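Novice: No letters, just coordinates:
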């Protein structure tokens, strides 16, 4: 009986070391895998809307994701009563290597080149409308995608 308990303990110790070795091997293998490419730096340029020109007022660098809204914690603070606190988000999607804008169920909507969108892939030069403000998207030449709004999501 005593021999069986010692053998069982030894088997348990060997199984524990095998588990720890497999875990360490998996962690080291994952660490050695190539990193995901970083999002290219892009910019949102707030445009002055004086009815005749579209001159730049302010520029915002975007590295991975950015909220646009009245909330002072947003990267792009939209000082406009027609903008929601967290109106929309511009984000990089690594799986398709593209910048997207997603409306955050805002009351007044998000517009890309004059078209209301819930989610839309952005391309260089797109004009985004949030409330009465307009922003020009610049991707720094990192992508040349076509403007493709996603289909509306069922409600």
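Specialist: Received it, and whenever you're ready, just let me know what you need. Because the structure is a prediction, the values reported are computed rather than measured.

Novice: Need the three-state assignment for the most centrally placed residue in the chain.
Specialist: In the chain, the C-alpha nearest the mean C-alpha coordinate belongs to residue 91, at 2.7 Å (CA atoms, centre = their mean). What DSSP: H, G, I helix; E, B strand; the rest coil gives for residue 91 is strand.

Novice: What segments of the chain are helices?
Specialist: Applying DSSP state H to the chain gives helices spanning 2-32.

Novice: Helix or strand with the lowest mean pLDDT in it?
Specialist: One helix or strand of the chain scores below all others by mean pLDDT, DSSP states H and E: strand 56-62, with a mean of 85.

Novice: Give me the helices and strands touching that one, please.
Specialist: When contacts are defined as 3 or more CB pairs under 8 Å, 6 or more residues apart in numbering; DSSP states H and E, strand 56-62 packs onto strand 42-47. Heads up, the C-betas are built off the backbone N, CA and C, glycines and all.

Novice: which residues sit in contact with the residue nearest to the centre of the chain?
Specialist: 64-66, 99-102 (CB atoms under 8 Å, 6 or more residues apart in numbering).

Novice: Would you list the buried entries among the residues you listed?
Specialist: Neighbour-count burial (16 or more other CB atoms under 10 Å) applied to those gives 66, 99-102.

Novice: Show me where the protein dips below the pLDDT cut-off.
Specialist: 30-37, 50-56, 141-155 (pLDDT under 70).

Novice: quick check, nearest of the contacts of residue 91 to residue 117?
Specialist: Residue 117 lies nearest to residue 101 out of the contacts of residue 91, by CB to CB, at 7.0 Å.

Novice: measure stretch 111-120 end to end?
Specialist: 9 Å (CA to CA, to the nearest Å).

Novice: chain center to that stretch: distance?
Specialist: 17 Å (CA atoms, centre = their mean, to the nearest Å).

Novice: Dig out what residue 137 forms beta bridges with.
Specialist: Beta-bridge pairing of residue 137 under DSSP bridges involves residue 44.

Novice: Start at 3, not 1
Specialist: Happy to do that; since the first residue is 3 now, the last one works out to residue 139.
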